[in-house]
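Chemist: What follows is a predicted structure for the sequence shown.
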Amino acid sequence: MSVYRAIWERSLRDPEGFWGEAAEALHWDRRWDRVLDASRPPFYRWFAGGLLNTCYNAVDRHVAAGRGGQAALIHDSPVTGTVRTLTYAELQQDVARFAGALVRLGARKGDRVVVYMPMVPEAIVAMLACARIGAIHSVVFGGFASHELAKRIEDAKPVLVVSASCGIEPGRVVPYKPLLDAAIEQCNHKPRHCIVLQRPQLRAELVRGRDLDWEEAMADAHAVDCVPVAATDPLYILYTSGTTGQPKGIVRDQGGHAVALLWSMRNIYGVQPGEVYWAASDVGWVVGHSYICYGPLLNGNTTIVYEGKPVGTPDPGAFWRVIAQQGVKVLFTAPTAFRAIRKEDPEGAHLKRYDLSHFRALFLAGERCDPDTLLWAEAQLGVPVIDHWWQTETGWAICANPLGIEKLPVKPGSPTLPMPGYDVRVLDEDGHEVPPGKLGAICIKLPLPPSCLPTLWNADQRFVQSYLSRYPGYYLTGDAGFKDEDGYLFIMSRIDDVINVAGHRLSTGAMEEVLASHPAVAECAVIGVADELKGELPLGLVVLKAGVDRPHADIERELVQKVRDEIGPVAAFKLVTVVKRLPKTRSGKILRGTMKKIADGQPWTMPATIDDPAILDEIAQALAKLGYPRTGAG
Ligand code: COA
Ligand code: AMP
């Protein structure tokens, strides 16, 4: 039997023994009473009774062990032309001081702090400072606009918001502060204070009495120590897209999270303390939480905070430059980044300019990895390229190829096999396991392993309803796929209204809500259509209210702007067309799936329940005007 298999089987047979041993690698202020508290299913708790501090384990523990002089974080920012390094000792000082500033402004254990920042070291400092005092951070991705930020502020009810004057996208400075002000304006809940990092590219106007300059807040603050918190307390809330416009507040606990992430660094990514590890993502996404901030720091690695893109900052050699210059051993990013690099540099000419002999492995996740991209990356880099599958809800890989244990054979198109604690089953409509090769709903048998969401913020009922009620005893991942004869999993599509645009998880339901609120729109549908670069792109079809006789092009332009203003540029919503009617079933359900197949040039059958088959011809004509299906597709 393979070493991996023995480890995985043991984790399912003896979860308490397995995770209890893994937990020994951390510093506990009080040992747990039970590794797994299963007394209140379907709510499971890991390390009940234990006390620890995640910031202590990620920062102070390493300083105490003599790692103070090692780089903890390198901010590599081609968009500002700067590189800045913080050692573990410097990070400890900054975090302790900033934690002091939070306390001075009234933040206490259990209070929420929203962090709305670009890719700067201060974002990590703010997250760790919250962890230090037991406050719960909720980071909001900088590419979201006011309305999305407002939804998260309203739900999390933070006492403080930490933000920055601006973000920097290639070719433009994005003012964050007006977006923050507008969000707070929209909310009933008002945070008491905002701490604003003033960046030299654009300074923000501060609201007197409410806003503080980061520097000022730091200047007056005293360093504070780590507060031990319960392993079952929340470390953070991270909102993610669901079926409706109301995002789900994924809760991450303290103990299980730290244990699983530390285990994953050594065993999945195969990195040792002291090595440089780079997740090219954003702190606003789960990849950023787990593998820019917590994972590498818990493991005593040097983490890279990269403020740039894979292409255009300044060229498609940007990633190779960082790997060479900063000594990166393992890189983690989304397949879309590699598709972007390949498009601009198919022969890998830029790669030849750099010495990557120290580079060991590339990990890809966040969206389906097409075999072409994986094989291209493998051929270019000459190192293992590992597709792995996970979600905001789990915080770490459900399926992966555990390089730190052994390299399993790679099958392009599959994220390989389940990681410890994950009992993955593919189920049919009736909840029976399907045979190999057959498509079904991918589920995980309860209990979920450490780090997976214990619940949704203030919404136990929604947690049960969204994930646990469809198949009692199982967690519904929302992904559909199949296992092959060797048990390798293949993730094929979502079963809900979530789409994946350039590795960013977005809700078509949220976009439909925005379109529907335009005064000219009677009804609408948003579908995800296949895109060569971004994986998927949202495409809107709208029906106008009777009597609206304005030019369609004007309305379409307004709709594009409205989604950009209310959800944010990251939605990449640029395709929209006015149609006379939408195809529906006789019971009134819009046939989004059929429209998607037409747009993607895939075979489709006329749904038996369709109200009026002629509508699909009209839809096909409207899609053709937008250029769908793409030539060569299908
Ligand atoms: N703040 C403000 N705006 C942002 C932003 C941020 N943090 N991040 C993205 N945006 C904007 C971009 O400027 C762009 O605006 P535009 O419509 O004016 O051009 C829009 O949101 C879409 O951004 P993005 O998805 O990054 O697309 P892109 O066309 O600029 O770049 C890629 C394409 C493939 C290079 C890019 O998507 C990429 O690097 N992806 C990596 C994937 C990744 O990090 N995934 C995270 C999960 S692992
Ligand atoms: P997020 O919560 O933003 O990480 O998005 C999670 C979703 O992205 C998953 O439920 C999948 O739909 C998709 N996803 C992530 N990683 C992969 C992968 N390796 N292969 C296929 N889909 C993936």
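Modeler: Nice, thanks for sending it over. Ligands and ions are numbered 1, 2, ... in the order given.

Chemist: CA atoms for contacts and neighbours, from now on please.
Modeler: Will do.

Chemist: interface residues of the stretch 351-500 of the chain facing ligand 1?
Modeler: residue 366 (CA under 6 Å from any ligand atom).

Chemist: residues touching the closest residue to ligand 1 within the stretch 351-500 of the chain, list them.
Modeler: Using CA to the nearest ligand atom, residue 366 is the residue of the stretch 351-500 of the chain that sits closest to ligand 1, at 5.0 Å. Residues near residue 366 by CA atoms under 8 Å, 6 or more residues apart in numbering: 334, 335, 389, 390, 391, 503, 504.

Chemist: Most neighbours of all these, which one?
Modeler: Counting neighbours by other CA atoms under 10 Å, residue 335 leads the contacts of residue 366 with 26 neighbours.

Chemist: longest helix anywhere in the chain?
Modeler: helix 88-104 (DSSP state H).

Chemist: about what we covered before: for the residue of the stretch 351-500 of the chain closest to ligand 1, helix, strand, or coil?
Modeler: coil (DSSP: H, G, I helix; E, B strand; the rest coil).

Chemist: and the nearest residue to residue 569 once chain neighbours are set aside, what pLDDT?
Modeler: Closest residue to residue 569 apart from its sequence neighbours, by CA to CA, 6 or more residues apart in numbering: residue 143 at 6.1 Å. Here, the pLDDT recorded for residue 143 equals 94.

Chemist: Tell me which residues are up against whatever helix or strand residue 343 lives in.
Modeler: If you go by DSSP states H and E, residue 343 is part of helix 335-344. Here helix 335-344 makes contact (CA under 8 Å, 6+ apart) with 310-311, 316-317, 348, 364-370, 373-374, 377, 502-503, 532-535.

Chemist: These also near ligand 2: which ones?
Modeler: 365, 366, 367, 368, 369.

Chemist: Would you reformat the residues you listed as JSON lines and include pLDDT?
Modeler: Listed next are those as JSON lines, based on pLDDT from 0 to 100:
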{"residue": "365", "pLDDT": "97"}
{"residue": "366", "pLDDT": "95"}
{"residue": "367", "pLDDT": "94"}
{"residue": "368", "pLDDT": "92"}
{"residue": "369", "pLDDT": "94"}
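
Chemist: Identify the farthest-apart pair in those.
Modeler: Maximum pairwise distance among those (CA to CA): 8.6 Å, between 366 and 369.

Chemist: Contacts only, for the residue nearest to residue 569.
Modeler: Neighbour list for residue 143: 568, 569, 570 [criterion: CA under 8 Å, 6+ apart].

Chemist: picking up where we left off before, tell me the buried residues within the contacts of helix 335-344.
Modeler: 310-311, 316-317, 348, 364-370, 373-374, 377, 502-503, 533-535 (16 or more other CA atoms under 10 Å).

Chemist: domains of this structure?
Modeler: Domain segmentation of the chain under automatic domain parsing yields 3-308+388-445, 500-625.

Chemist: still on that earlier bit, is it possible to get TSV of the contacts of residue 366 that adds secondary structure?
Modeler: Formatted as TSV, these follow (three-state DSSP):
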residue	secondary structure
334	coil
335	helix
389	strand
390	coil
391	coil
503	coil
504	strand
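
Chemist: Most widely separated two among these?
Modeler: Top of the distance list for those (CA to CA): 335 and 391, 15.2 Å.

Chemist: re earlier: so which of the domains of the chain is the most surrounded?
Modeler: Using mean count of other CA atoms under 10 Å, the stretch among the domains of the chain with the largest mean neighbour count is domain 3-308+388-445, at a mean of 21.

Chemist: Does at least one residue of that domain sit close to ligand 2?
Modeler: Yes: applying CA under 6 Å from any ligand atom, one finds domain 3-308+388-445 in contact with ligand 2 at 388, 389, 390, 391, 392, 415.

Chemist: Surely the fifth one touches residue 288?
Modeler: No: because the distance of 10.5 Å does not satisfy CA atoms under 8 Å, residue 392 is recorded as not touching residue 288.

Chemist: Point out where the stretch 101-250 of the chain drops to low pLDDT.
Modeler: Applying pLDDT under 70 to the stretch 101-250 of the chain flags no residue at all.

Chemist: try 80 this time
Modeler: Along the stretch 101-250 of the chain, the model assigns pLDDT under 80 to residues 242-245.

Chemist: Which residues of it lie near ligand 1?
Modeler: 118, 142, 143, 167, 169, 174.

Chemist: How about the residues of the stretch 501-634 of the chain by ligand 1?
Modeler: 502, 503, 504, 569, 570, 572.

Chemist: out of the residues you listed, who's nearest residue 3?
Modeler: residue 503 (31.8 Å).

Chemist: Which residue is the nearest non-sequential neighbour of the closest one?
Modeler: residue 366 (5.0 Å).

Chemist: Tell me how far that neighbour lies from residue 146.
Modeler: 25 Å (CA to CA, to the nearest Å).

Chemist: Likewise for residue 129?
Modeler: 25 Å.

Chemist: what ranges do the strands span in the stretch 151-300 of the chain?
Modeler: Taking DSSP state E, counting those that start in this stretch, the strands of the stretch 151-300 of the chain run over residues 160-164, 166-169, 172-175, 193-197, 211-213, 229-230, 234-240, 248-253, 276-279.

Chemist: Any chance of JSON lines for the ones you listed, columns distance to residue 326?
Modeler: Converted to JSON lines, those look like this (distance: least, CA to CA, whole Å):
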{"stretch": "strand 160-164", "distance to residue 326": "26"}
{"stretch": "strand 166-169", "distance to residue 326": "22"}
{"stretch": "strand 172-175", "distance to residue 326": "26"}
{"stretch": "strand 193-197", "distance to residue 326": "26"}
{"stretch": "strand 211-213", "distance to residue 326": "31"}
{"stretch": "strand 229-230", "distance to residue 326": "35"}
{"stretch": "strand 234-240", "distance to residue 326": "29"}
{"stretch": "strand 248-253", "distance to residue 326": "31"}
{"stretch": "strand 276-279", "distance to residue 326": "8"}
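
Chemist: of all those, which lies closest to residue 16?
Modeler: strand 248-253 (17.2 Å).

Chemist: distance between that closest one and the chain's centre?
Modeler: How far strand 248-253 lies from its chain's middle: 12 Å, per CA atoms, centre = their mean, to the nearest Å.

Chemist: try stretch 582-602
Modeler: 29 Å.

Chemist: I'd like to know the average pLDDT value across it.
Modeler: On average, stretch 582-602 scores 93.

Chemist: how about residue 43, what does it touch?
Modeler: With contact taken as CA under 8 Å, 6+ apart, residue 43 is in contact with 454, 455.

Chemist: which is the next helix or strand following the helix or strand containing residue 562?
Modeler: Using DSSP H and E, residue 562 sits within helix 552-566. Per DSSP H and E, the first helix or strand lying C-terminal to helix 552-566 is strand 575-578.

Chemist: Does residue 419 touch residue 6 like I think?
Modeler: No: between residue 419 and residue 6 there is no contact under CA under 8 Å: 11.4 Å.

Chemist: was I right about residue 511 contacting residue 526?
Modeler: Yes: assessed by CA under 8 Å, residue 511 is found in contact with residue 526 at 6.9 Å.
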